[in-house]
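In: here's a sequence, model it:
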Amino acid sequence: MLHPVLEDAISSLLTTWRHYDDLTRRKVAHQARAEARRQLDADRTRVYKLRRGLNPEARELEEVAFSAHCPTLEVPIFLRTSDLLDADGSFACPCGAVVTGTETEAG
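Out: Residues are numbered from 1 along each chain as shown. All right, here's what the predicted structure looks like:
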C-alpha cells in the first residue's frame, strides 16, 4: 500500500501528463506547452522524491545514509547524502520540509 501523499502525487502527475499530452496533440502555442512541460517535470520530480523517500527499491536502500520520522507524513523516511542541504546536517525531506541531523538515525 502506498502512502496517501504519494498516491495523490501520482494522481496529480497523471493528470498533468494527460494535460501536456492533450496540448501537444492539439499543437497549441509553444508558451502554453512549455508551461505544461515545466509542471509535468515538477510533478515527476515530486513523485520521484516521495517514492525514493517512502518506498525505496532494494538497490536504492544501499544509498540510504539516515532514516528519520517525518512529522508531516507521520512515517519513517529514508534520506541520502544527496539530500544534504548544508554542512549543519540539514536534509531535504521528501515532503519538502527540512530535517536536521539531530532528528536522524544512522542507516
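
In: for the residue lying closest to residue 84 once chain neighbours are set aside, give me phi and psi.
Out: Spatial nearest neighbour of residue 84, chain neighbours left out: residue 91 (5.8 Å); criterion: Cβ to Cβ, 6 or more residues apart in numbering. C-beta: built from backbone N, CA, C; applies to glycine. The phi and psi values for residue 91, taken as degrees, to the nearest 10, are phi -120, psi 150.

In: and the gap between residue 67 and residue 10?
Out: 23 Å (Cβ to Cβ, to the nearest Å).

In: swap in residue 51?
Out: 9 Å.

In: quick check: bridge partners of the residue nearest to residue 84?
Out: residue 84, residue 99 (DSSP bridges).

In: give me every residue that touches it.
Out: Residue 91 is in contact with 66, 68, 79, 83-85, 98-101, 104, counting by Cβ atoms under 8 Å, 6 or more residues apart in numbering.

In: how about residue 25?
Out: Residue 25 neighbours (Cβ under 8 Å, 6+ apart): none.

In: give me the element it is part of.
Out: Following DSSP states H and E, one finds residue 25 within helix 4-26.

In: what's the offset of the helix or strand that that helix is followed by from the middle of its chain?
Out: Remark: after helix 4-26, the chain's next helix or strand is helix 30-54, criterion DSSP H and E. Distance of helix 30-54 from the chain centroid (Cα atoms, centre = their mean, to the nearest Å) equals 9 Å.
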